[in-house]
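Novice: pasting the sequence and the predicted model now:
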Amino acid sequence: MAVRIDGKALAAKVKSQVAEEAAKLPRKPGLAVVLVGEAPASQVYVAGKERDCAECGIESFGHRLSAETTEPELLDLIRRLNGDPRVDGILVQLPLPKHLSEETVINAISPDKDVDCFHPFNVGRMVIGDPVFLPCTPAGVMEMLDEYEIPIRGKRCVVLGRSNIVGKPMAALLTQRDGTVTICHSRTEDMAQYAREADILVSAVGRMGLVTADMVKEGAVVVDVAMNRDGDGRLCGDADFADVEPKASYITPVPGGVGPMTRAMLMRNILTAAALHQA
C-alpha cells in the first residue's frame, strides 16, 4: 500500500517558514490580487490565497473588477501596481473573461512582481536553471518529492499534460534534477505504454479516472496534480485512487496533496520578491 504524501502538512510547514522570514523584513510583503468577474471557482481560489497571506504575515490588496472591465482598464491597473512600492507580487486570477488576452495581461506584469512565474522572462530563467521564481505547482511537487526523500536522479519521469502552467515547467524541473523525462499529451499514441515505464508519474491532464492501475508500474511514485469534480461534486484527481494506491509506493491524494503546496509555494515566491525589493 502506497505512502500518502501529505501536502497539507508540508504546506503548513512551508507557510510557517515563510511567516518567520517575512517577520524579519523591514516591512510586510505585499500581494495584489486581481479578480475580473465573478466566477465561483475563481472567487474560492482568491479567498484561499488571501487567507494564506494572512497566515504568513503578508499584506493582501484585493482588486475585484467587473466582468465588463476592458483590457485598457485592466492594463492601467497593472501599470499602477507595478509602480506601487507596497506591492511585491501581482496575481491576476485566471481564467480571464474571453474578451481579455491572458498573454497581454501576463506580459504587462513586471517580471520582478510575477510571483506566479508566468511571464516569459521568468519562464526563460526557470528553463535555463537560473530562476528568480519557480512556478508554484511544479515547485510544490518538487518540494514534496524532496520532503519524502524520493530520488529523481536517473529515474524515468513521465508527465501527462503539456500546459504552460504545469506540464512543461514540471518537465523542466525534473530534467534539471537529472530525471529522464517524457511528456505525454492529447496527441500521444498509447499514453499508457509510456506511463507504465515511469518511476515517477505526474498527471496534470484534468480527466477524472485517466490513470488506472494497469498504467502504473509496481512501486511507482504517482503525483496527481489535477483537480476535477465527480458526479457528486467531490474533488478528485486524474488517478483512480482506490485502484492505483495499492500498486504505488507513494501517492498524492486529492484533495490534500498538491493543491495546498501550490498555494504555499506562492507564499514563498512573494517572500522572495519582497526580499529582493527590500534588499
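Specialist: Received it, and whenever you're ready, just let me know what you need.
Novice: residue 124: neighbour count?
Specialist: 12 (other CB atoms under 10 Å). In this view, the C-beta of every residue, glycine as well, is placed from N, C-alpha and C.
Novice: next: residue 206.
Specialist: The number of residues packed near residue 206 is 15, by other CB under 10 Å.
Novice: ramachandran angles for residue 61?
Specialist: phi -120, psi 110 (degrees, to the nearest 10).
Novice: name the nearest residue to it, ignoring sequence neighbours.
Specialist: Nearest non-adjacent residue to residue 61, counting by CB to CB, 6 or more residues apart in numbering: residue 32, 4.5 Å away.
Novice: for the residue nearest to residue 158 when sequence neighbours are not counted, which three-state class applies?
Specialist: In space, and not counting its chain neighbours, residue 158 is closest to residue 198: 3.7 Å by CB to CB, 6+ apart. Here residue 198 is recorded as coil under DSSP: H, G, I helix; E, B strand; the rest coil.
Novice: show me the strands in this protein, by range?
Specialist: In the chain, the segments counted as strands under DSSP state E are 3-4, 30-36, 59-65, 89-92, 156-160, 180-184, 200-203, 221-224, 228-229, 235-236, 250-251.
Novice: dump those strands to JSON lines, plus distance to residue 174 and mean pLDDT.
Specialist: Converted to JSON lines, those look like this (distance: least, CB to CB, whole Å; pLDDT from 0 to 100):
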{"stretch": "strand 3-4", "distance to residue 174": "20", "mean pLDDT": "98"}
{"stretch": "strand 30-36", "distance to residue 174": "28", "mean pLDDT": "98"}
{"stretch": "strand 59-65", "distance to residue 174": "32", "mean pLDDT": "97"}
{"stretch": "strand 89-92", "distance to residue 174": "25", "mean pLDDT": "98"}
{"stretch": "strand 156-160", "distance to residue 174": "5", "mean pLDDT": "98"}
{"stretch": "strand 180-184", "distance to residue 174": "5", "mean pLDDT": "98"}
{"stretch": "strand 200-203", "distance to residue 174": "7", "mean pLDDT": "98"}
{"stretch": "strand 221-224", "distance to residue 174": "10", "mean pLDDT": "98"}
{"stretch": "strand 228-229", "distance to residue 174": "23", "mean pLDDT": "92"}
{"stretch": "strand 235-236", "distance to residue 174": "24", "mean pLDDT": "94"}
{"stretch": "strand 250-251", "distance to residue 174": "15", "mean pLDDT": "98"}
